[in-house]
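**Student:** Okay, predicted coordinates and the sequence, questions at the end:
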Amino acid sequence: TLKSDLPSAWNRFYNVHDNKFFKDRQWLFTEFPELLVSNTNTEQVLNILEVGCGVGNSIFPIIRTNNINENSNVFLYCCDYSSTAIDILKQTSDYNTMYCHGFVYDITSSNPMPFEENSLEFILMIFVLSAIDPSQHD
């Protein structure tokens, strides 16, 4: 698939499968206990970015497990190449702009991100690099 065809291919995928293809990643906390952030004793805001978030199969377990709400010290950024995936993500009841910002983004571009450099505590990239041509990995 040519890079110019990728957005429409991913949008078609999410139009067909909606949010029912991938399962929520409950195993995240076994592999990455650092994501159990609700137990942190800090006033500092903890910023998390998930690259390739799809419809939220990692973001929503993080929100639910940590009981993240508008009073939490956690803010989640999540981006995906598919505008359809981001639309579905934003329609989910656990999505709230007080603690989550979903946006369309091509990580192979050099476009600016919606947060300050060096402001993230965690970056997740689950099953992302395998979907990108190795020549674009820089």
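**Tutor:** In hand now; what should we look at?

**Student:** just the strands in the protein please.
**Tutor:** For the chain, the strands defined by DSSP state E occupy 46-51, 74-80, 100-104, 122-124.

**Student:** In the chain, where is pLDDT below threshold?
**Tutor:** 1-25, 38-42 (pLDDT under 70).

**Student:** Quick check: the gap between Gln44 and Ile63.
**Tutor:** 19 Å (Cβ to Cβ, to the nearest Å). No exception for glycine: its C-beta is placed from N, CA and C like everyone else's.

**Student:** if you count what's nearby, which of these two comes out ahead?
**Tutor:** Counted by other Cβ atoms under 10 Å, Gln44 and Ile63 do not tie: Ile63 has more neighbours, with 21 against 8.

**Student:** re the thing from before, quick one, which of the strands of the chain is nearest to Gln91?
**Tutor:** Nearest to Gln91 among those is strand 100-104; the distance by Cβ to Cβ comes to 10.3 Å.

**Student:** Which strands or helices does that closest one pack on?
**Tutor:** helix 59-65, strand 74-80, helix 83-91 (3 or more Cβ pairs under 8 Å, 6 or more residues apart in numbering; DSSP states H and E).

**Student:** Residues in contact with it: which ones?
**Tutor:** 53, 56, 59, 63, 75-83, 86, 89-90, 95, 114 (Cβ atoms under 8 Å, 6 or more residues apart in numbering).

**Student:** run the last query once more with 7 Å
**Tutor:** 53, 59, 76-80, 83, 86, 89-90, 95, 114 (Cβ atoms under 7 Å, 6 or more residues apart in numbering).

**Student:** Including distance to Gly102 and neighbour count, could these go into CSV?
**Tutor:** Shown next, in CSV, are the contacts of strand 100-104 (distance: Cβ to Cβ, whole Å; neighbours: other Cβ atoms under 10 Å):
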residue, distance to Gly102, neighbour count
Cys53, 7, 28
Ile59, 8, 26
Leu76, 9, 28
Tyr77, 8, 22
Cys78, 5, 27
Cys79, 7, 21
Asp80, 8, 26
Ser83, 10, 14
Ile86, 5, 22
Leu89, 5, 26
Lys90, 6, 16
Tyr95, 7, 19
Pro114, 10, 10
